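>>> got a predicted model here, sequence first, then my questions.
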Number of protein chains: 2
Amino acid sequence: MELLKERIRRDGRVYPGGVLKVDSFLNHQMDVKLFGEIGREFQRRFARCDVNRILTIEASGIGIACITAQFFDCPVVFAKKSRTRNISPDVYCARVESFTHGNVSDVLVSREFLGPRDRVLLIDDFLANGAALRGLASLVSQAGAELVGAGVVIEKAFQPGGDALRAQGMRIEALARVKSMSEAGGIEFAD
Amino acid sequence: MELLKERIRRDGRVYPGGVLKVDSFLNHQMDVKLFGEIGREFQRRFARCDVNRILTIEASGIGIACITAQFFDCPVVFAKKSRTRNISPDVYCARVESFTHGNVSDVLVSREFLGPRDRVLLIDDFLANGAALRGLASLVSQAGAELVGAGVVIEKAFQPGGDALRAQGMRIEALARVKSMSEAGGIEFAD
């Protein structure tokens, strides 16, 4: 998605340790006009998949998921993070290890809001090690729902998550795939 | 907002301790069509206020804020919660005590994304004790920005937050003001 790549080139900033900061338009300040273009593109890529539910994870996936859902005309469910192990029988639960924050949390979805009739599209802002998508996919599987695929805004293609999940059969559409980046400036895209 | 009140009457559930669960449409599963109506109504109420920035707090305010921002044609900034005291010079920071979760956290906004030229509308899903709005208003004040007001979807009018903040001069527009509610069923609205 050329518009997005241009925006990343212009406003993204690279920090030590493979950190790409895009918080001026994606995950702190949010450019909802850009989100509209992102949602439209996800809809184009997952058209005719009969998506009837979008699943994301708090917090930074929520805005993108909500605006994308307008194009699919379906509800969004966001998985909640919990630091404490939740063994309530009312929820589906998966462990997610965050490399960014260096912690482990449970992600929870109420059983009411995900079930066997659902055709689920996962939406998230970033794909790096794939921990979040793996956790969300586990929730979908626990619910007996159908996983249609995952739409991510930015994939760090130099980290192993995307390749590993694709090898396991997950369809992933990344709107910008970063192949390499350096603090000297210069973000190279994979396609 | 009659459509919202009907939805709360139909799908809201009251639990002991003054808990109103609306997680089937507002803050776990999210009905983005309803969010569209909510956004349109906030825009109507704050029209001609020259809002150029919407500020919300993670996580459940983000979806409503993003869809509302489409009507104002402005960006959203969401304040991030942090359990650890952040004294970075790059952020505005306020303490927020959560009565629901029984904890205290800092809420942070990067200085880059809030400044003296901003006319800010606060958006949140619930107003009860007013802790979140008070924290967000503090961030706006630290930034030297202008606080236009706050739009909340549901106000628990039997809790003190709304009255206290209005007495301090904050303009608050609540789309549904719950006057009383009981587990026996029966949610009464203030207007």
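Okay, I see it.

>>> surely A:A174 meets A:Q159?
No: counting by Cβ atoms under 8 Å, A:Q159 is not a contact partner of A:A174; they are 11.9 Å apart. For the C-beta atoms, the positions are set from N, CA and C on the backbone; glycine is no exception.

>>> neighbour count winner among these two?
Per other Cβ atoms under 10 Å in any protein chain shown, whichever of A:A174 and A:Q159 has more neighbours is A:A174, with 20 against 17.

>>> for that one, give its distance to chain B.
Separation of A:A174 from chain B (Cβ to the nearest Cβ, to the nearest Å): 21 Å.

>>> which residues are in contact with that residue?
Residues near A:A174 by Cβ atoms under 8 Å, 6 or more residues apart in numbering or on different chains: A:127, A:151-155, A:157, A:162.

>>> repeat that for A:F158.
Contacts of A:F158 were listed using Cβ under 8 Å, 6+ apart, and they are A:18, A:178-180.

>>> how about A:V22?
With contact taken as Cβ under 8 Å, 6+ apart, A:V22 is in contact with A:8, A:11-12, A:154.

>>> any stretches of chain A with poor pLDDT?
Applying pLDDT under 70 to chain A flags residues A:84-87.

>>> for the residue positioned nearest the centre of it, which non-adjacent residue is closest in space?
In chain A, the C-alpha closest to the average C-alpha coordinate belongs to A:D124, at a distance of 1.6 Å (Cα atoms, centre = their mean). With sequence-adjacent residues excluded and distances taken as Cβ to Cβ, 6 or more residues apart in numbering or on different chains, A:D124 is closest to A:G61, at 4.6 Å.

>>> ends of stretch A:100-120, what's the gap?
In stretch A:100-120, first residue to last residue: 26 Å (Cα to Cα, to the nearest Å).

>>> in it, what counts as buried?
In terms of neighbour count (16 or more other Cβ atoms under 10 Å in any protein chain shown), stretch A:100-120 has its buried residues at A:105-110, A:113-114, A:118-120.

>>> I figured A:Q29 was touching B:K80, is that so?
No: with contact defined as Cβ under 8 Å, A:Q29 does not reach B:K80; the gap is 11.6 Å.

>>> what segments of chain A are helices?
A:2-11, A:32-45, A:61-72, A:131-142, A:161-167 (DSSP state H).

>>> turn those into TSV, columns for mean neighbour count.
Compiled in TSV, these are given as follows (neighbours: other Cβ atoms under 10 Å in any protein chain shown):
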stretch	mean neighbour count
helix A:2-11	15
helix A:32-45	20
helix A:61-72	27
helix A:131-142	21
helix A:161-167	16
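
>>> near chain B, which residues of chain A? Just list them.
A:23-25, A:28-33, A:35-36, A:58-59, A:62-63, A:65-67, A:69-70, A:73, A:75-78, A:80, A:109-110, A:112-113 (Cβ under 8 Å from any Cβ of the partner chain).

>>> how about A:V153, what does it touch?
A:4, A:26, A:38, A:64, A:124-126, A:174-176.

>>> how about 6 Å then?
A:125, A:175 (Cβ atoms under 6 Å, 6 or more residues apart in numbering or on different chains).

>>> now A:G144
With Cβ under 6 Å, 6+ apart, A:G144 has these contacts: A:P116.

>>> ignoring the adjacent residues along the chain, who's closest to A:N27?
A:S60 (3.8 Å).

>>> and for A:F72?
A:V51 (5.1 Å).

>>> now that neighbour, what are its backbone angles?
For A:V51, the backbone dihedrals (degrees, to the nearest 10) come out as phi -60, psi 130.

>>> was I right about it contacting A:V120?
No: the pair A:V51 / A:V120 is not scored as a contact, 7.3 Å apart, by Cβ atoms under 6 Å.

>>> distance of the closest residue in space to A:K156 that isn't next to it in sequence relative to chain B?
Sequence neighbours aside, A:A128 is the residue nearest to A:K156 in space, at 4.5 Å (criterion: Cβ to Cβ, 6+ apart). Using Cβ to the nearest Cβ, we find A:A128 at a distance of 19 Å from chain B.

>>> same check, this time on A:V104
15 Å.

>>> mind listing what that residue touches?
Counting by Cβ under 6 Å, 6+ apart, A:V104 touches A:E97.

>>> bridge partners for it, pull those for me.
Assessed by DSSP bridges, A:V104 has beta-bridge partners A:E97.

>>> before we move on, the earlier item: next up, the contacts around the residue nearest to A:F72.
Contacts of A:V51 (Cβ under 6 Å, 6+ apart): A:72, A:119, A:121, A:148.

>>> take the residues you listed and keep only those in strands.
Among the contacts of A:V51, the members found in strands (DSSP state E) are A:119, A:121, A:148.

>>> burial count for the nearest residue to the last one once chain neighbours are set aside?
For A:V148, ignoring the flanking residues on the chain, the nearest one in space by Cβ to Cβ, 6+ apart is A:C49 at 4.6 Å. A total of 15 residues lie near A:C49 under the criterion other Cβ under 10 Å.

>>> pull up the gap between A:C49 and B:A167, please.
According to Cβ to Cβ, to the nearest Å, A:C49 stands 52 Å off from B:A167.
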